[in-house]
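1. show me how the following folds:
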Amino acid sequence: MTGTTGVAATPPMGWNSWDCYGTTVTEDEVLANARVMAERLLPVGWDTVVVDIAWYDPTARAHGYNEGAPVVLDAYGRQLPAPGRFPSAAGGCGFGPLADAVHALGLRFGVHVMRGVPRRAVELDLPVLGTSWTARDVADPDHVCPWNPDNLGLDHDHPGAQAWYDAQVAQLAGWGVDLLKVDDMLAPYHAREIEAYARAVERSGRPIVLSLSPGTHVSTRHVEHLRANAHMWRISDDLWDRWEDVHAQLARLARWAPFQRPGGWADADMLPLGRIGLRAERGEPRDSRLTPHEQRTLLTVWTMARSPLMVGGDLPSTDPATLDLLATPAIGEVLRGSTDGAELVREPLGTGPDAGELVVWGARAAGGERRYAALVWTGEAARTCAVAVASVVGTADVGRPWGATDLWDPAGPVPLGDELVAEVPPHGVRWFALDPA
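-> Numbering: from 1, shown residues only. All right, here's what the predicted structure looks like:
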């Protein structure tokens, strides 16, 4: 599926409503974020706006899910946007008008759905479109999501299960959806569900990016199956604005980076940057608790590892410094135009309170001699760090003179000797482009 369609040839970049609005985002809030993205971030490559979970629940609230929610369904049990939150969906229009408005800004539109069939469709025993079966016939009440009550599982030994997904995705495609984030797919790993959803996307006839979540304990042994059936897949639980969350992703990204390729991307989760927690699952309204140095580290390593980038902060109320950070041209340049991103060095340095790890990432520009290097320092105080230029540019190019340009604070290039040396802040990064002098 992914290798032949040309979908997600580079890692998707965009905004997702989860970190700031949880289950409660409204149409006006989606459009407000889309307008800021189009104005400030689209030139760098941020181009997708995603409505996350429970858009069909008119009683959605912050900090949790609702048991027995009166979710809005059509006559065939397919979810419809709650019109009180999404007024343009009234009259059966679904997300079509909102998708049109997002597309008119030059952006792409995505939505979240849960694995399975809505409980309410089963309770009402609604028909599965185009078949003689009903939701009750195809439901599997023994395999349900452990953390969200909206859906029951699907019995994939019954042919109506595939028909249900085909009908659901056909409706979403008809509304103009460009990305589908399908949740409760990977923990545990639901291989038949993944294949069924991939078939439904293919049968829809629309080039939709298929994103799978969450990533709890997902293993690289699944990579061929994931590539064959999805365009991006999470590699962790939800990431929040804590250094320990970011630090843990460094090793995960190092494991997955060698497997990144066009059409299939390991996803280190959303970026908890800017104004988050407004009506979210976790925490009160706040600016990201990551320090400015930690925010640069997150963006740099995600980019060098070519993870999809989905920012979680509410863009209209996010501080200008964070918007400037997201609009840094190097992010789009490296994410979309590099190859061979890899962790090159992981070295413990110092003792006691001065201890930390030097983690070095390298990558190559796809269309030239340029190389990229990122020096990450995990310690609690700044440290001067060094890496051999040969380890970044390769031994074949060691005899040539090279210059380094700082990608976060452009100035230079500065001529290099045998080593790239930089003062790295605590939990911080120095990010460079290396070019032949």
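2. quick one: low-confidence parts of this structure?
-> Low-confidence segments of the chain (pLDDT under 70): 1-5, 412.
3. so it: which segments form each domain?
-> Here the chain is described, according to automatic domain parsing, as comprising the domains 2-327, 340-436.
4. any idea which of those is most buried?
-> domain 2-327 (a mean of 20; mean count of other C-beta atoms under 10 Å). C-betas here are computed from N, CA, C, even on glycine.
5. residues contacting residue 83?
-> Neighbouring residues of residue 83 by C-beta atoms under 8 Å, 6 or more residues apart in numbering: 58, 72, 89, 90.
6. any idea how far the closest residue in space to the last one that isn't next to it in sequence is from residue 57?
-> Across the structure, with C-beta to C-beta, 6 or more residues apart in numbering as the measure, the residue nearest residue 90 apart from its sequence neighbours is residue 83 (4.5 Å). If you measure residue 83 against residue 57 using C-beta to C-beta, to the nearest Å, the figure is 12 Å.
7. overlap in contacts, the two.
-> Joint contacts of residue 83 and residue 57 (C-beta under 8 Å, 6+ apart) are residue 72.
8. report the beta-bridge partners for the residue lying closest to residue 222 once chain neighbours are set aside.
-> Leaving aside its sequence neighbours, residue 222 sits nearest to residue 189 (C-beta to C-beta, 6+ apart; 6.2 Å). Applying DSSP bridges to residue 189 gives these bridge partners: residue 186.
9. from residue 288, how far out is residue 189?
-> Distance, residue 189 to residue 288, using C-beta to C-beta: 31 Å.
10. what sits against residue 138?
-> Going by C-beta under 8 Å, 6+ apart, residue 138 touches 117, 128, 154, 155, 158, 160, 161, 163, 164.
11. could I get these as JSON lines with secondary structure and distance to residue 402?
-> Putting the contacts of residue 138 into JSON lines (DSSP: H, G, I helix; E, B strand; the rest coil; distance: C-beta to C-beta, whole Å) gives the following:
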{"residue": "117", "secondary structure": "strand", "distance to residue 402": "58"}
{"residue": "128", "secondary structure": "coil", "distance to residue 402": "62"}
{"residue": "154", "secondary structure": "strand", "distance to residue 402": "55"}
{"residue": "155", "secondary structure": "coil", "distance to residue 402": "60"}
{"residue": "158", "secondary structure": "coil", "distance to residue 402": "61"}
{"residue": "160", "secondary structure": "helix", "distance to residue 402": "61"}
{"residue": "161", "secondary structure": "helix", "distance to residue 402": "57"}
{"residue": "163", "secondary structure": "helix", "distance to residue 402": "59"}
{"residue": "164", "secondary structure": "helix", "distance to residue 402": "57"}
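12. save those as a markdown table, and put in distance to residue 293 too.
-> Formatted as a markdown table, the contacts of residue 138 follow (distance: C-beta to C-beta, whole Å):
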| residue | distance to residue 293 |
| --- | --- |
| 117 | 46 |
| 128 | 53 |
| 154 | 46 |
| 155 | 50 |
| 158 | 53 |
| 160 | 53 |
| 161 | 48 |
| 163 | 52 |
| 164 | 48 |
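13. which one of those is nearest residue 248?
-> Proximity to residue 248 was ranked across those by C-beta to C-beta; first place goes to residue 154, at 32.6 Å.
14. how about the nearest residue to the closest one, chain neighbours excluded?
-> Closest residue in space to residue 154, ignoring its immediate chain neighbours: residue 161 at 4.1 Å, by C-beta to C-beta, 6+ apart.
15. would you agree the residue nearest to residue 222 is in contact with residue 215?
-> No. Contact between residue 189 and residue 215 fails when scored by C-beta atoms under 8 Å: they sit 10.3 Å apart.
16. for the domains of the chain, give me CSV that also has distance to residue 333.
-> Below are the domains of the chain laid out as CSV (distance: least, C-beta to C-beta, whole Å):
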stretch, distance to residue 333
domain 2-327, 9
domain 340-436, 8
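17. three-state assignment of residue 266?
-> Following DSSP: H, G, I helix; E, B strand; the rest coil, we place residue 266 in the strand state.
18. residue numbering should commence at 480 henceforth.
-> I'll keep to 480 as the first residue from here, and by that count the last item is residue 745.
19. state the distance from it to residue 852.
-> For residue 745, the distance to residue 852 (C-beta to C-beta) stands at 21 Å.
20. ranges for the strands of the stretch 680-829 of the chain?
-> With DSSP state E, counting those that start in this stretch, the ranges of strands along the stretch 680-829 of the chain come out as 688-691, 711-713, 744-746, 754-755, 765-766, 788-790, 817-828.
21. closest to residue 555 out of those?
-> Of all these, strand 688-691 sits nearest to residue 555, with 21.7 Å by C-beta to C-beta.
22. contacts for that closest one, please.
-> Contacts of strand 688-691 (C-beta under 8 Å, 6+ apart): 480, 486-487, 491, 527, 589, 657-661, 664-665, 673, 676-677, 680, 705, 708-713, 746, 787.
23. partners of that strand, with directions?
-> Take DSSP bridges as the rule and strand 688-691 pairs in its sheet with strand 658-662 (parallel), strand 711-713 (parallel).
24. turn these into CSV, columns for distance to residue 898.
-> CSV is the format used below for the strands paired with strand 688-691 (distance: least, C-beta to C-beta, whole Å):
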stretch, distance to residue 898
strand 658-662, 43
strand 711-713, 36
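25. which one, of those strands, ends up nearest to residue 757?
-> Proximity to residue 757 (C-beta to C-beta) singles out strand 658-662 among these, at 19.7 Å.
26. how far away is the residue lying closest to residue 738 once chain neighbours are set aside from residue 825?
-> Leaving aside its chain neighbours, residue 738 sits nearest to residue 702 (5.0 Å; criterion: C-beta to C-beta, 6+ apart). To residue 825, residue 702 is 22 Å away according to C-beta to C-beta.
27. ranges for the helices of the stretch 730-879 of the chain?
-> Under the criterion DSSP state H, counting those that start in this stretch, the stretch 730-879 of the chain contains helices at 771-783, 799-805, 808-816, 868-872.
28. adding distance to residue 831, write these out as a markdown table.
-> Below are those laid out as a markdown table (distance: least, C-beta to C-beta, whole Å):
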| stretch | distance to residue 831 |
| --- | --- |
| helix 771-783 | 21 |
| helix 799-805 | 32 |
| helix 808-816 | 35 |
| helix 868-872 | 28 |
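29. quick one: which of the ones you listed is nearest residue 905?
-> Nearest to residue 905, of these and by C-beta to C-beta, is helix 771-783 at 6.4 Å.
30. what is the closest one packed up against?
-> Helix 771-783 sits against helix 722-735, strand 788-790, helix 799-805, helix 808-816, strand 835-844, strand 850-856, strand 907-915, with contacts defined as 3 or more C-beta pairs under 8 Å, 6 or more residues apart in numbering; DSSP states H and E.
31. pull the distance from the second one to the chain's centre.
-> Looking back up the chat, that one is strand 788-790. 5 Å (C-alpha atoms, centre = their mean, to the nearest Å).
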